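**Q** Everything below, folded, please.
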Amino acid sequence: MHTVRTPEARPRRTLGQALAEGAVLLDGGLSNQLEAQGCDLSDALWSAGLLSDELRQIEAAHRAYARAGAQVLITASYQATFEGFARRGIGRARAAELMAGSVELARRAGADTGRESWVAASVGPYGAMLADGSEYRGRYGMTVRELVRFHRPRVETLAAAGPDVLALETVPDADEAEALLRAVQDLDVPVWLSYSVAGDRTRAGQPLAEAFGLAAGIDQVVAVGVNCCDPADADRAVEVAAAATGKPVVVYPNSGEEWDADGRDWTGRSTFEPGRVRHWRKAGARLVGGCCRVGPSDIEALGARLRTPTA
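**A** Prediction:
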């Protein structure tokens, strides 16, 4: 698959320009939509495992969110790494094609809506490659330099595919955030930085103000915030992110259910409430959506709230 980005596919504004003018609606959880379509995500590569042979399913999932009103579509590359693909017997050249292909799939789905849309190439944390739940803990026993070496080849590959932004997402640890920001610093593509948090700290236990502060003053970072966390934790985190950086805030929490890494299943009940967007907007959020277990109907409801004057 070759990535072709025609002039017609380009949004009129950069995502940064759009955020300066108002709120932008993100999509929801790609994995839950793929499962709703009947896909098997039990592989360690998760949704990225479908990039080699289930392209229509991935594009269909993107289209479901685009129809729901999502203006930013996040690619299926969260768990896509050269190391992960190698364990499946996929060489580097083919792995690079699959990562680039994830951008093309999202671009095509967004372009067909006739609305201005942006593609965010997902860059998950090191722990996502391990597929053992450590993406929710951080502290892998690696140095920042080692993490830069891990992330650099994949961010280069994704950036070369022509996304509108790199989503440095579900980051559990400020050290890994530092590594990711170093890895992308000379790439000609904007990024957003989004932590996974627990209460008022990163998953690794660092204070959020310090963690968000890493992005302050970096022009390449167009938004900073949280994702893949409890909606209640997102409320306070939006305020802290805005205060610590002065940047637009990105927020896309989970449904509120808990992931059981050992049982590989979700437990609890959903607490995702689109009405929370009113508080998020007042606190500085400009890029809003959902993560795991937040589906197209939730995104449609969130979009409706965004369009109301009181949101």
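**Q** Tell me where the model's unsure across the stretch 201-311 of the chain.
**A** Scanning the stretch 201-311 of the chain for pLDDT under 70 picks out the ranges 259-264, 266, 309-311.
**Q** Could you rerun that using 50?
**A** Under the criterion of pLDDT under 50, none of the stretch 201-311 of the chain is flagged as low confidence.
**Q** At which residues are the helices of it located?
**A** Using DSSP state H, counting those that start in this stretch, the helices of the stretch 201-311 of the chain run over residues 208-213, 231-245, 277-283, 296-306.
**Q** just checking, what packs against the longest one?
**A** Helix 231-245 makes packing contacts with strand 197-198, helix 208-213, strand 221-227, strand 249-252, helix 277-283 when contacts are defined by 3 or more CB pairs under 8 Å, 6 or more residues apart in numbering; DSSP states H and E. All C-beta spots, glycine's among them, are computed from the backbone N, C-alpha and C.
**Q** In CSV: these, plus mean neighbour count and distance to E239.
**A** Output for the helices and strands packed on helix 231-245, formatted as CSV (neighbours: other CB atoms under 10 Å; distance: least, CB to CB, whole Å):
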stretch, mean neighbour count, distance to E239
strand 197-198, 22, 13
helix 208-213, 20, 10
strand 221-227, 28, 11
strand 249-252, 30, 9
helix 277-283, 19, 5
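**Q** closest to Y136 out of the helices of the stretch 201-311 of the chain?
**A** Closest approach to Y136 among the helices of the stretch 201-311 of the chain (CB to CB): helix 231-245, 12.6 Å.
**Q** what's the angle between the closest one and strand 221-227?
**A** 150 degrees (axes from the mean of the first three to the mean of the last three CA atoms, to 10 degrees).
**Q** okay if I get the helices and strands packed on helix 231-245 as CSV plus distance to E104?
**A** Shown next, in CSV, are these (distance: least, CB to CB, whole Å):
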stretch, distance to E104
strand 197-198, 32
helix 208-213, 32
strand 221-227, 22
strand 249-252, 23
helix 277-283, 30
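**Q** And these: which comes nearest T308?
**A** Across the helices and strands packed on helix 231-245, closest to T308 is helix 277-283 (CB to CB), at 8.7 Å.
**Q** Noted, bye for now.
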